[in-house]
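Undergrad: Quick check, what structure comes out for this input:
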Amino acid sequence: MIDLVKKTLLTGVGVAALTKEKIEELARDFVEKGKMSEEEGKALVDDLLARSDESRKELQKQVEEIMATVLDKMDLAKKSDVAALKSEIEELREKIDKEQQG
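TA: Here you go, the predicted model:
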C-alpha cells in the first residue's frame, strides 16, 4: 500500500514542490483514514522528504547550469573578471605614480 501511495504522490505532484507540511499532512490523512499504520506514515514522510530534498538540489543544479550557459553565451564579464581588472588597473596606477615621481 505504501509503495502505491509513494508512486501516486511522486507522479501526481512534482516531488520538489512538496513542502514538509504538505507531506506530513498527506501522511496524517492516510493514517487517520486507516489507509496505513502510523509507522508506515512516518516512513512515508521520511522517504518523501528525502526525495523532495534530492529533487530540489537537482533542480537547483540544473538551473545553475542553464544560467551559466546563458551567461557564457551572452559573453558578459563575471564579478571575478571585473575584480581582476580592478586589481590590474590599481597595479598600473601605482607603477605610473612611481615613474612620475622618480
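
Undergrad: For Lys35, identify the helix or strand it belongs to.
TA: Counting by DSSP states H and E, there is no helix or strand that carries Lys35.

Undergrad: That one: neighbour count?
TA: Using other CB atoms under 10 Å, Lys35 has 15 other residues around it. C-betas here are computed from N, CA, C, even on glycine.

Undergrad: Same question for Lys61.
TA: What Lys61 shows, counting by other CB under 10 Å, is a neighbour count of 10.

Undergrad: Need the pLDDT of it.
TA: At Lys61, the model reports a pLDDT of 87.

Undergrad: any low-confidence regions in the chain?
TA: Scanning the chain for pLDDT under 70 picks out 1-18.

Undergrad: ok, longest helix in it?
TA: Ordering each helix of the chain by length in residues (DSSP state H) puts helix 38-74 first.

Undergrad: what comes up buried for that helix?
TA: By neighbour count on 16 or more other CB atoms under 10 Å, the buried set for helix 38-74 is Glu40, Gly41, Leu44, Val45, Asp47, Leu48, Leu49, Arg51, Ser52, Ser55.

Undergrad: do the same with stretch 19-31
TA: Buried residues in stretch 19-31, counted by 16+ other CB under 10 Å: Ile23, Glu24, Leu26, Ala27, Phe30, Val31.

Undergrad: In JSON lines: those residues, plus distance to Met67.
TA: Below are the buried residues of stretch 19-31 laid out as JSON lines (distance: CB to CB, whole Å):
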{"residue": "Ile23", "distance to Met67": "28"}
{"residue": "Glu24", "distance to Met67": "32"}
{"residue": "Leu26", "distance to Met67": "32"}
{"residue": "Ala27", "distance to Met67": "35"}
{"residue": "Phe30", "distance to Met67": "38"}
{"residue": "Val31", "distance to Met67": "41"}
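
Undergrad: of all those, which comes closest to Val82?
TA: Relative to Val82, the closest of those is Ile23; by CB to CB it sits at 43.1 Å.
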